[in-house]
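Student: turn this into a structure:
(one chain, ligands or ions: 1)
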Amino acid sequence: MSRSSEGMKGKSGISVAVKGGVETGEAKARSIRLEEVACFRRRMGIKVKGEEVADPMESFSEMPSATTSEDAGQTRRVLLHNVEESAWKEPTPVQMQAVPILVAGRDLLAAAPTGSGKTAAFVMPMILRLGVQRADPQASGVRGILLAPTRELAAQIHRDVVRLSRGRRLRVCLLTKAGATKAAAATGMDSRNALSGYDIVVSTPMRLVALVRERAVCLASVEMVVLDEADKLFDAGAASGGSDKAFIGQVDEVLAACSHQQVQRALFSATVGQQVKELSESVLRDPIFLTVGTQNAGAADIDQRLVYVGREEGKLLAIRQLVQEGLRPPVLVFLQSKDRAKALFHELVYDGINTDVMHASRTQDQRDNIIQRFRTGEIWVLICTDLVARGIDFKGVNMVINYDFPQSAVSYIHRIGRTGRAGRHGVAVTLFTESDMNSLRSIANVIRLSGCEMHALGVASLHALGAASLHISNAASLRICDAASLRTPGAALLRTLGAASVHMLDVASLRMLDAA
Ligand SMILES: Nc1ncnc2c1ncn2[C@@H]1O[C@H](COP(=O)(O)OP(=O)(O)OP(=O)(O)O)[C@@H](O)[C@H]1O
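Tutor: The predicted model follows:
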């Protein structure tokens, strides 16, 4: 039995805890505080697992300092000023909980939906912790490392670090091929200390591991390492272009090179599977596990739609119909390979659509240029491969179209996560053909987990999204207006989706679906 159950009446008549016969009002206050914190976490969809987890901050004004020193206080004030400049009114749930945990120096595995502000959730504590003088003022070398799977994402994180640390003397480096050479030149150091002029380095694993292997950098002074898109970085199959090893091998080498006894590690992603959880046990020390919202679901602000297009030819038809109905740019269209992306690009250019195509074979300059033009609204429809499926924050993407069916639920979550970010509403349309039927169930599960109504639409019903459609819900009923029209593949489709209920609002659209 717990001590508090041995309570007695306090002066006010309220039961209070006793310890060795002495009334402990603090214990009561503590248990009230714990209950308030638990209640707040429930409200925000925050779940934590681990010992002695710091309380969440309910507002930016509760942001903790790394230490009580004047220096740390000044860093906090500068950061709060920069947050204010960003016009962020309150922290997002992942920021509320991750920031105090990381500022307290704890290792962390955090899973939170796409577009929920994870970048600032690790950038802010890194600034708070490293934006103060070193314990040993004589010491030098890199103090913080941020790893991301693509150069585009690393560049985006770098921009956020620079923006949020403005006004504090933190030297931040984006490690590019040219950047590595420049870093060495700028510091005037010999090649063994190419990055020692920097406090924080943002990089892909490949770029950094190349310097580690050449013994061009020493990472022994690193105090904090963050892996963004950690599941991708831990993926034994995924390698970055042209490298000889999967990400996981490169990450392993970087982590081994960060040999500081007290190095703090944090892993973030929108999709955290069992494999990452297991690996994190060996990488993190006494970690805290943080989850926001429903694990491995799509972000709540995305309206997710499945569109059955019959065969391959139906895809172009469907996208042209969407265009005719009036697409609201910016729109991202995902395809499985660069050849397919190029082919669609030529079709859409022919249709007079303001579009461009992004894939790994484009030069770095072209990639930068396309991203810039898409960000500024010059390109309305960006056709792309999974290269930009993860992490990239294009503001205000109204629609994501999965022209090719994603190869996994994880890929689906990240692709559609390019819309519906930071509380904005977005639409994700996924086209599928008969040959995608086998993979359909896993995506349907994500849609269900996301709490979305599931609409499976035939081509004809695109005219009136939602109205002339099949509406599938979890109810254990089957209502069919015209049983004769439920022929295969319509029936097979419903079975594949695991639909327990069918409301046929427009029989004609179902016929179309069967015929497509
Ligand atoms: N507290 C906040 N209030 C409002 N907007 C915010 C806040 N924090 C971050 N944002 C904005 O939210 C958007 C999404 O943030 P971010 O890119 O960090 O998402 P993410 O969780 O890393 O997504 P993904 O999983 O796709 O990488 C960005 O435009 C960012 O500027």
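
Student: mind checking how far the closest residue in space to Gly417 that isn't next to it in sequence is from the ligand?
Tutor: With sequence-adjacent residues excluded and distances taken as CB to CB, 6 or more residues apart in numbering, Gly417 is closest to Thr114, at 2.5 Å. (Each C-beta comes from the backbone N, C-alpha and C, glycine too.) Distance of Thr114 to the ligand, given as CB to the nearest ligand atom, to the nearest Å: 4 Å.

Student: was I right to think Thr114 contacts Asp301?
Tutor: No: using CB atoms under 8 Å, Thr114 makes no contact with Asp301, being 9.9 Å away.

Student: who touches both of these two?
Tutor: Residues touching both Thr114 and Asp301 (CB atoms under 8 Å, 6 or more residues apart in numbering): Gly420, Arg421.

Student: looking at the two, which one has more neighbours?
Tutor: More crowded of Thr114 and Asp301, by other CB atoms under 10 Å: Thr114, with 26 against 18.

Student: residues touching that one, list them.
Tutor: Shown in contact with Thr114 (CB under 8 Å, 6+ apart): Ala270, Gly298, Ala299, Ile413, His414, Ile416, Gly417, Arg418, Gly420, Arg421.

Student: how about it, phi and psi?
Tutor: When read as degrees, to the nearest 10, the backbone of Thr114 gives phi -60, psi 140.

Student: i'd like the first residue to be 40 from this point on
Tutor: Sure, I'll start counting at 40 from here, so that last one is Thr153.

Student: so how far is Tyr451 from it?
Tutor: Distance of Thr153 to Tyr451, given as CB to CB, to the nearest Å: 11 Å.

Student: what sits in contact with each of those two?
Tutor: Residues touching both Thr153 and Tyr451 (CB under 8 Å, 6+ apart) are Gly337.

Student: quick check: domain ranges of this protein?
Tutor: Taking the TED database as the domain assignment, the ranges for the chain are 68-331, 336-496.

Student: let me have those domains in JSON lines, extended by mean pLDDT.
Tutor: JSON lines is the format used below for the domains of the chain (pLDDT from 0 to 100):
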{"stretch": "domain 68-331", "mean pLDDT": "90"}
{"stretch": "domain 336-496", "mean pLDDT": "91"}
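
Student: close to the ligand: what parts of the stretch 390-539 of the chain are there?
Tutor: Contact residues (CB under 6 Å from any ligand atom) of the stretch 390-539 of the chain with the ligand: Gly430, Asp432, Lys434, Gly456, Arg460, Ala461.

Student: give me that answer again for 8 Å
Tutor: Neighbours of the ligand within the stretch 390-539 of the chain, by CB under 8 Å from any ligand atom: Arg429, Gly430, Ile431, Asp432, Lys434, His453, Gly456, Arg457, Arg460, Ala461, Gly462.

Student: same check on the stretch 40-189 of the chain?
Tutor: Within reach of the ligand by CB under 8 Å from any ligand atom, the stretch 40-189 of the chain has these residues: 99, 122, 125-131, 133-134, 151-160.

Student: which among those end up buried?
Tutor: Listed as buried from those are 99, 122, 130-131, 133-134, 151-160; burial here means 16 or more other CB atoms under 10 Å.

Student: give me the subset of those lying in helices.
Tutor: Under the assignment DSSP state H, these contribute Val122, Val133, Gln134, Lys157, Thr158, Ala159, Ala160 to helices.

Student: briefly note if stretch 364-382 comes near the ligand.
Tutor: No: using CB under 8 Å from any ligand atom, stretch 364-382 stays clear of the ligand, with a minimum separation of 12.3 Å.

Student: buried set for that stretch?
Tutor: Of the residues in stretch 364-382, Leu366, Pro368, Pro369, Val370, Leu371, Val372, Phe373, Leu374, Gln375, Lys377, Ala380 count as buried by neighbour count, 16+ other CB under 10 Å.

Student: tell me the residue of the stretch 190-339 of the chain that sits nearest the ligand?
Tutor: At 4.0 Å from the ligand, Ala309 is the closest residue in the stretch 190-339 of the chain, using CB to the nearest ligand atom.

Student: how many neighbours does that residue have?
Tutor: Neighbour tally, Ala309, other CB under 10 Å: 28.

Student: so which of the buried residues of stretch 364-382 comes closest to the ligand?
Tutor: Leu371 (12.3 Å).

Student: so the closest one is in which element?
Tutor: Per DSSP states H and E: Leu371 is located in strand 370-373.

Student: so what secondary structure elements neighbour that strand?
Tutor: Packing contacts for strand 370-373, counted by 3 or more CB pairs under 8 Å, 6 or more residues apart in numbering; DSSP states H and E, involve strand 420-423, strand 438-441.

Student: only C-alpha atoms, please: export the first one in PDB.
Tutor: Extracted in PDB, the C-alpha atoms of strand 420-423 (Å, rounded to 0.1, in the frame of the first residue of the first chain):
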ATOM      1  CA  VAL A 420       2.600  21.400 -59.200                       C
ATOM      2  CA  LEU A 421       5.800  19.800 -58.200                       C
ATOM      3  CA  ILE A 422       6.300  16.200 -59.500                       C
ATOM      4  CA  CYS A 423       8.700  14.300 -57.300                       C
END
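
Student: and the contacts of that strand?
Tutor: 366, 368-374, 380, 383-384, 387, 392-398, 409, 413, 427, 442.

Student: which pLDDT value belongs to Gly505?
Tutor: At Gly505, the predicted lDDT confidence score is 32.

Student: who's in contact with the nearest residue to Arg379 once chain neighbours are set aside?
Tutor: Sequence neighbours aside, Asp443 is the residue nearest to Arg379 in space, at 6.5 Å (criterion: CB to CB, 6+ apart). Contact partners of Asp443, counting by CB under 8 Å, 6+ apart, are Phe373, Leu374, Gln375, Arg379, Leu470.

Student: what about the helix or strand harbouring Ile358, distance to the chain center?
Tutor: Using DSSP H and E, Ile358 maps to helix 352-363. Distance of helix 352-363 from the chain centroid (CA atoms, centre = their mean, to the nearest Å) equals 29 Å.

Student: kindly report the same for stretch 311-326.
Tutor: The answer for stretch 311-326 is 17 Å, by CA atoms, centre = their mean.

Student: can it be said to contact the ligand?
Tutor: No: if you take CB under 8 Å from any ligand atom as the test, stretch 311-326 misses the ligand, and the best it gets is 11.2 Å.

Student: any buried residues in that stretch, and which?
Tutor: When burial is assessed from 16+ other CB under 10 Å, stretch 311-326 yields the following buried residues: Val311, Gly312, Val315, Leu318, Ser319, Val322, Leu323, Pro326.

Student: up against the ligand, what does the stretch 190-339 of the chain have?
Tutor: Selection of the stretch 190-339 of the chain residues close to the ligand by CB under 8 Å from any ligand atom yields Leu192, Gln195, Asp199, Asp267, Glu268, Phe307, Ser308, Ala309.

Student: for the particular helix or strand that has the third one in it, buried residues please.
Tutor: Spelled out, it's Asp199. Using DSSP H and E, Asp199 maps to helix 190-204. Buried residues in helix 190-204, defined by neighbour count with 16+ other CB under 10 Å: Arg190, Glu191, Leu192, Ala193, Ala194, Gln195, Ile196, His197, Asp199, Val200, Leu203, Ser204.
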